[in-house]
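J.: Below are the sequence and a predicted model for it; my questions follow.
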Amino acid sequence: MLSQPFSVSFDIGGNRIVTIETGKLARQADGAVTVRQGNCVLLATVVANKEPKEGQDFFPLSVDYQEKFAAAGRIPGSFFKREARLNDYEILTSRLIDRALRPLFPEDYLCDVQVLVSLISSDDEVMPDSLACLAASAALAVSDIPVKEIISEVRVGRINGEYIINPTRSELEKSELEFIVAATEKNLMMVEGEAKECSEADLIKVLEMAHDAIRVHIKAQAELRAKKGITTVRDYKKPEQNEEIREKVNAFAKQRVYEISRKGSAKHERSDAYSALKEELIASLGEEATDLEKKLAKKYYEDLKWEVVRSMIIDDRFRLDGRKLDEVRPLAMEIDPLPTPHGSALFTRGETQSLTTVTFGTALDELLVESAAKSVDSKFFLHYNFPPFSTGEVKMMRGQSRREVGHGNLAQRSLKQMMPDSSTYAYTVRVVSDILESNGSSSMATVCAGSLALMDAGVPVPKHVSGVAMGLITREDGKYAILTDILGDEDHLGDMDFKVTGTRDGICGVQMDIKVDGLSMEVMREALEQARKGRLHILDAMYECIPAHRPDVKPHAPRMVKLVIDKEFIGAVIGPGGKVIQEIQRETGTTINIEEVGNTGEVSIFSANKESVDKAVAWVRGITAVPQVGDVYEGPVKGIKEFGAFVEFMPGKQGLLHISEISWKRLESMEGLFNEGDMVKVKLVGLDPKTGKFKLSRKVLMPRPEGQKPREEQSGEPKGE
């Protein structure tokens with residue numbers, strides 16, 4: 001007998017109804033729901049193994065979000081015509097879900113969990129990624145998989161000062177900010193987004209509004225869970241514990257871990273000392289210790305390090321590398337370290353280093369960002385590479401990880417806020433950050449290096465953008481420590497890590513993961529203010545390195561000019577069968593791209609040679625210019641008749657230079673006056689409104705002989721055609 005479907009609906013504002021349904025689709029999954037708003041429908045499923053794998057000591061959660069092209073009535077454009085590996089947009093959406101869900105599972109739960117969210121029906125205006133985490137959480141809520149709480153996510157935008165929850169696609173294009181926030185009933189869990197220099201107070205307002213909206217989602221999920229009758233969760237096998245081993249580890253290593261941590265040493269020196277102590281610890285257990293006891297001892301040792309370092313930071317106000325809590329590591333930066341790239345910068349902060357390059361391209365180099373609902377071309381994109389040598393490790397190179405995609409996206413959306421308007425700036429710009437050394441927030445180093453490299457390349461960005469990674473450590477007694485510019489180890493042991501990017505005037509990007517319950521807005525405000533001061537400190541050093549963008553691109557960089565012409569001239573520039581545009585490119589050595597935008601045409605002219613660009617620009621302007629009676633031109637003779645010469649006074653435009661207009665002296669014939677190709681300076685003296693023919697004169701540019709009557713006083717009209 002088929003199970004009975006259950007559903008709940010709620011309004012997210014503006015009479016926009018969201019419906020969650022379970023019991024109809026994918027019934028063999030542990031939990032499955034559909035979430036619908038308008039024509040947008042998401043299917044979310046969750047399945048968990050009943051037992052953890054033998055010897056597994058970590059929580060294996062996998063989250064995949066995928067958009068089915070059939071959802072939008074499209075066929076994939078790949079060779080195989082089927083959905084393949086996740087694209088960057090799908091990876092970023094998967095990360096948003098993963099980061100929100102992961103803290104919900106019990107720390108001792110080690111069974112494999114797989115969450116799959118698919119877009120199965122698309123709506124042109126509904127953004128599916130803002131509903132994806134709601135769908136994933138609802139699938140968990142209607143299952144017996146153990147999770148501590150129900151969560152959801154919303155997107156917040158602001159248009160003309162008005163904050164909007166889950167704005168439509170059209171509204172989002174006009175929004176001044178965009179943040180995705182995840183939360184439980186009581187606590188924020190994750191924040192990510194961008195803004196055009198919003199204030200810290202604006203961000204707090206976003207968080208408060210988002211949390212109120214999320215509580216409505218959570219209430220609906222709890223109602224659906226109750227309708228399905230889920231009241232208990234499954235039992236699961238917990239990892240073995242041995243308190244005797246734990247006590248031995250604490251007694252042997254606690255003081256020595258503190259001493260190593262208190263030295264304020266460099267990363268590898270500290271890591272080597274920790275490793276040596278761990279080896280001594282294992283040896284102290286004796287040969288009779290079993291493999292399980294040794295494994296537990298290593299785990300308890302890592303737990304001990306976590307506790308000791310956190311206590312040291314909170315009680316001693318002393319960090320692993322000896323810095324004060326609000327101190328940024330030493331900075332070193334330079335521009336133009338590489339001779340050939342169009343722009344480059346090297347940024348070093350402590351033991352983190354980014355070598356970043358900027359490359360210019362044409363419209364042909366734009367990045368296609370494809371999703372089921374919409375595909376767009378991007379003229380600015382950033383790629384982030386994190387090779388294993390940056391942390392002194394050996395790993396297989398298997399393409400970019402999800403982490404690299406996520407870190408690159410944060411840097412890209414931060415720098416994008418300062419990029420010139422793509423409708424007027426002709427270049428396609430690619431930024432590449434190669435991390436050469438890493439110990440704490442290489443994504444923020446990428447933002448700083450990217451800003452320096454853009455200015456070095458001559459991109460007209462108005463302000464520098466910097467970024468700083470912050471940490472928070474809290475304790476049950478109410479004490480806490482906010483850390484500026486965190487190390488990799490501090491990231492691991494903190495209760496919140498958040499990255500804030502921006503200019504001197506406001507925030508451009510945020511990525512925040514919160515692991516602690518009951519974080520107050522007052523602590524959040526204090527953390528954001530400390531982050532602002534750290535960001536300004538780094539910005540001061542960046543402005544000393546290069547205070548403004550170069551006034552021009554480098555000599556070896558390609559030149560590009562964008563002209564906006566009337567739509568009616570597009571055909572004239574292209575010519576029949578592309579004859580004209582091909583001739584311009586061939587004669588000038590440029591690359592030309594023409595796009596129709598509304599009632600205008602955008603002509604982008606690209607070349608590494610400035611003279612070539614100038615020549616092509618003049619050519620196109622000549623074709624598209626409207627001749628003005630009274631203006632003086634110079635052009636080649638294109639044809640000679642007995643009654644005069646035809647002169648191309650503008651590209652593609654010819655006029656008649658009648659024999660009577662060549663000289664003040666009466667000429668009997670055209671013989672010997674001109675040859676085809678001769679350059680002649682003429683004045684446009686008339687335009688026949690009926691035929692559109694242009695009348696040219698050469699003699700009016702010459703001194704009139706004494707006694708010569710003005711033209712209007714001469715009798716008769718010129719003979720000839």
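T.: Received, thanks. Numbering: from 1, shown residues only.

J.: can you give me the strands for the stretch 601-721 of the chain?
T.: 632-641, 644-650, 653-658, 679-687, 694-697 (DSSP state E, counting those that start in this stretch).

J.: Kindly reformat these as a markdown table and extend each row with mean pLDDT.
T.: Below are those laid out as a markdown table (pLDDT from 0 to 100):
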| stretch | mean pLDDT |
| --- | --- |
| strand 632-641 | 89 |
| strand 644-650 | 88 |
| strand 653-658 | 88 |
| strand 679-687 | 89 |
| strand 694-697 | 91 |
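
J.: Please tabulate these in JSON lines and include distance to V154 and mean neighbour count as additional columns.
T.: In this view, the C-beta of every residue, glycine as well, is placed from N, C-alpha and C. Output for these, formatted as JSON lines (distance: least, Cβ to Cβ, whole Å; neighbours: other Cβ atoms under 10 Å):
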{"stretch": "strand 632-641", "distance to V154": "62", "mean neighbour count": "15"}
{"stretch": "strand 644-650", "distance to V154": "58", "mean neighbour count": "23"}
{"stretch": "strand 653-658", "distance to V154": "59", "mean neighbour count": "22"}
{"stretch": "strand 679-687", "distance to V154": "62", "mean neighbour count": "16"}
{"stretch": "strand 694-697", "distance to V154": "63", "mean neighbour count": "21"}
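
J.: I'd like these laid out as a markdown table, including distance to Q221.
T.: A markdown table is the format used below for those (distance: least, Cβ to Cβ, whole Å):
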| stretch | distance to Q221 |
| --- | --- |
| strand 632-641 | 74 |
| strand 644-650 | 69 |
| strand 653-658 | 70 |
| strand 679-687 | 74 |
| strand 694-697 | 75 |
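
J.: quick one, which of the ones you listed is nearest to E404?
T.: Nearest to E404, of all the strands of the stretch 601-721 of the chain, is strand 644-650, at 52.7 Å by Cβ to Cβ.

J.: Name every strand pairing with that closest one and say which way it goes.
T.: When pairing is defined by DSSP bridges, strand 644-650 lines up against strand 632-641 (antiparallel), strand 653-658 (antiparallel).

J.: Tell me the pLDDT of Q714.
T.: pLDDT, Q714: 44.

J.: Then S3?
T.: Confidence score, pLDDT, at S3: 69.

J.: N15 now?
T.: 87.

J.: Can you name the helix or strand that it falls in?
T.: Following DSSP states H and E, one finds N15 outside all helices and strands.

J.: Phi, psi for it please.
T.: Main-chain torsions, N15, degrees, to the nearest 10: phi 60, psi 40.

J.: Would you mind measuring from it to S284?
T.: Per Cβ to Cβ, to the nearest Å, N15 is found 68 Å from S284.

J.: So those two - more neighbours on which side?
T.: The neighbour comparison of N15 against S284 (other Cβ atoms under 10 Å) goes to S284, with 14 against 6.

J.: surely that one meets V249?
T.: No. S284 is beyond contact range of V249, at 9.3 Å (criterion: Cβ atoms under 8 Å).

J.: can you tell which of the strands paired with strand 644-650 is closest to E107?
T.: strand 653-658 (78.4 Å).

J.: Centre of the chain to the closest one, how far?
T.: 54 Å (Cα atoms, centre = their mean, to the nearest Å).

J.: all helices in this structure, in order from the N-terminus.
T.: When assigned using DSSP state H, the helices of the chain occupy the ranges 88-101, 129-141, 169-173, 200-228, 243-262, 267-284, 291-311, 402-416, 442-457, 488-493, 521-545, 570-574, 579-588, 610-624.
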